[in-house]
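Chemist: Here you go, sequence then predicted model.
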Amino acid sequence: SGETEYPFSRTALMYVYMGHMKIEHTKLYEDWFWTKNRINTIKAWVKNIHTSTKIIELDSGQKMSYDKLIIATGSRSNKFGWPGQDLKGVQGLYHLQDLQNMEAATKHGIKKAVIVGGGLIGIEMAEMFHSRHIPVTMLVRENSFWDIVLPPEESAMINKHILDNGIDLRLSEELLEIKGHHGQVSSVVCKNSGEEITCEFVGLTVGVSPNIAFVKSSGITTN
């Protein structure tokens, strides 16, 4: 993996941002564990998989042979072709690099964040910014928060709790467009109301897809 030198607990990223933990606290084992158990770790991204010769090519140029190959590359945050979705300041929350980008954006003094999506990662991201006193607007497509899982009464309780904590929760609302200035996000346009909301950060938390783009040219069936 090119993400970190050693594996870590991904679900703890929000607690690092909020100051409850340090990144070293999220490691699955002590660093010596891997060598002791004869497990080699390489910090690099896989560029190509050559299945005919059983060779893996890394972004560093290094090549490795294999007998058996396990692809355990997790997910990537969904993007659905919104205008401006690749602007700086627009991202999901999955990799350590996403956390680092959030930290960098915070240090640059963002004044407002907009989060698109009403799932668990979305509400985590809202809580993260809320802990730093950064105003947050959430665009949630559903009529009530997480109502595909929760009974109506419980979903209504969570709606109230989000609003009581100062989060600008917009139900039955979707993203139409992300606008930018000099390559940096500057606002979002709401699909249903047409309202334009000024912001310096957009969190895309509308689900994830398998992180297998680099596998496409390998001859491995993905479907």
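Modeler: Right, received. Where do you want to start?

Chemist: contacting residues for the residue located most distally from the centre of the chain?
Modeler: The outermost residue of the chain relative to its centre, with distances by CA atoms, centre = their mean, is T53 at 34.0 Å. Applying CB atoms under 8 Å, 6 or more residues apart in numbering, we find T53 in contact with S65. For every residue, glycine as well, the C-beta is placed using N, CA and C.

Chemist: For the host helix or strand of F129, report the contacting residues that lie outside it.
Modeler: For F129, the element it lies in under DSSP states H and E is helix 120-131. Applying CB under 8 Å, 6+ apart, the contact partners of helix 120-131 are 14, 17-19, 92-94, 102, 106, 113, 115-116, 135-136, 138, 140, 145-146, 162, 165-167, 201, 203, 205.

Chemist: Mind doing that once more with 7 Å?
Modeler: Residues from elsewhere that reach helix 120-131 (CB atoms under 7 Å, 6 or more residues apart in numbering): 14, 17-18, 93, 113, 115, 136, 138, 165, 167, 203, 205.

Chemist: same deal with stretch 151-167?
Modeler: Contacts of stretch 151-167 (CB under 7 Å, 6+ apart): 126, 130, 136, 138, 144-147, 169.

Chemist: Return it as CSV; C-alpha atoms alone will do.
Modeler: Only the C-alpha atoms of stretch 151-167 are listed here, as CSV (Å, rounded to 0.1, in the frame of the first residue of the first chain):
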residue,chain,number,x,y,z
PRO,A,151,-37.6,3.7,12.0
PRO,A,152,-39.3,7.1,11.4
GLU,A,153,-39.3,8.0,15.1
GLU,A,154,-35.6,7.4,15.5
SER,A,155,-34.6,9.1,12.3
ALA,A,156,-36.6,12.2,13.5
MET,A,157,-34.7,12.1,16.8
ILE,A,158,-31.4,12.2,14.9
ASN,A,159,-32.6,15.1,12.7
LYS,A,160,-33.4,17.1,15.8
HIS,A,161,-30.1,16.2,17.4
ILE,A,162,-28.1,17.3,14.3
LEU,A,163,-30.0,20.6,14.1
ASP,A,164,-29.7,21.2,17.8
ASN,A,165,-25.9,21.0,17.5
GLY,A,166,-25.9,23.8,14.9
ILE,A,167,-25.5,21.7,11.8
